[in-house]
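Undergrad: Prediction below, plus the sequence it came from.
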Amino acid sequence: MLRNDTLTPRNLTLTPELHGYLLDQGNMTPDPLLAEVIERTSAASPDQAHMVVAPEEGALLTFLVRLLGARRIVEVGTFTGYSSLCLARGLPADGSLITCDVSVEWTALARDFWARGGVDDRIELRLGPALDTLRALPAEPHLDLAFIDADKPGYIGYWEELVPRLRPGALLLVDNTLFSGEVIAEQPGEKAAAIREFNAHARRDPRVELVMLPIADGLTLARRLPPGESPVR
């Protein structure tokens, strides 16, 4: 196996023009409802609008739900509902998504978008500390997919509650795992330091195999290993 430091990086700089081309060619341009989520979030709170997942990431969420044939999903971090709308769109009519948040204000927007998107019957919002919600779920492996995009210091706790509840072959997706590049800073801020600690924790976990993708702000995909299967390292 080649050492990482012997590989030549092959990274593109995504100019606005190239990013637009990527969205168009991958059919990832937000439709009117998703575009409105972005617009209304930006209008309501310009300083927090960056918390909406990127369009290409939202498209990937829908794609992965359909690819897996997922029926049971848990999301940690609802905000204004963009990612939950994307996840729910990939579910079959009898599928279910439990999404966790603590904000009544932001999730009121989300509820409106879910209803208008025709997926509100598949989504159950649970308000309150996410750890409490996760611990109240059945303990046995039953989830097909989970998505973490919430408070960064809480990531390890959410991970530890979700991994045992994933069925073999299920996916756990974790957002912001590059944190604008600050994860490699000599003195990262509190959130970036928490992400760096989480990344190391996840990488050492023998229950999963994972890849980290440079999509949006960094997205980690972790696959729950079946009994007896070793992770690829």
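TA: Nice, I can see it.

Undergrad: all contacts plus neighbour counts: C-alpha atoms, from now on.
TA: Noted.

Undergrad: Just confirm residue 89 contacts residue 61, I think it does.
TA: No. Judged on C-alpha atoms under 8 Å, residue 89 makes no contact with residue 61 at a distance of 9.3 Å.

Undergrad: I am assuming residue 85 contacts residue 118, so please confirm or correct that.
TA: No. Contact criterion C-alpha under 8 Å: residue 85 and residue 118 do not qualify, at 9.4 Å.

Undergrad: Could you report the distance from the nearest residue to residue 178 once chain neighbours are set aside to residue 54?
TA: Excluding its sequence neighbours, the residue lying closest to residue 178 (C-alpha to C-alpha, 6 or more residues apart in numbering) is residue 218, at 4.6 Å. Counting by C-alpha to C-alpha, to the nearest Å, the gap from residue 218 to residue 54 is 11 Å.

Undergrad: again, but for residue 180
TA: Residue 180 sits 13 Å away from residue 54, taking C-alpha to C-alpha as the criterion.

Undergrad: now residue 126
TA: 24 Å.

Undergrad: do residue 64 as well
TA: 15 Å.

Undergrad: more crowded one of those two?
TA: Taking neighbours as other C-alpha atoms under 10 Å, residue 64 and residue 54 compare with residue 54 leading, 18 against 15.

Undergrad: gap between the helix-or-strand element of the chain with minimal mean pLDDT and the chain center?
TA: Across the helices and strands of the chain, mean pLDDT, DSSP states H and E gives its lowest value to helix 16-25, namely a mean of 85. How far helix 16-25 lies from its chain's middle: 22 Å, per C-alpha atoms, centre = their mean, to the nearest Å.

Undergrad: List the contacts of that helix.
TA: For helix 16-25, contacts defined as C-alpha atoms under 8 Å, 6 or more residues apart in numbering pick out 28, 29, 55, 56.

Undergrad: Widest-spaced pair of those?
TA: 29 and 56 (7.7 Å; C-alpha to C-alpha).

Undergrad: On the secondary structure side, give me the element for residue 29.
TA: Under DSSP states H and E, no helix or strand contains residue 29.

Undergrad: burial of the residue nearest to it when sequence neighbours are not counted, as a residue count?
TA: Counting by C-alpha to C-alpha, 6+ apart, residue 23 is the residue found nearest to residue 29 once chain neighbours are left out, at 5.1 Å. Residue 23 has 15 neighbours, counted by other C-alpha under 10 Å.

Undergrad: distance of residue 23 from residue 39?
TA: Remark: distance between residue 23 and residue 39 (C-alpha to C-alpha) = 18 Å.

Undergrad: do residue 202 as well
TA: When residue 202 is compared with residue 39 (using C-alpha to C-alpha), they lie 34 Å apart.

Undergrad: okay, now the residue nearest to residue 135 when sequence neighbours are not counted: neighbour count?
TA: Once flanking residues are discounted, residue 135 sits nearest to residue 161: 6.7 Å by C-alpha to C-alpha, 6+ apart. Residue 161: 18 surrounding residues under other C-alpha under 10 Å.

Undergrad: In contact with the most centrally placed residue in the chain, which residues?
TA: Geometric centre of the chain, nearest residue: residue 147, 4.0 Å, by C-alpha atoms, centre = their mean. Applying C-alpha under 8 Å, 6+ apart, we find residue 147 in contact with 73, 74, 75, 76, 172, 173, 174, 175.
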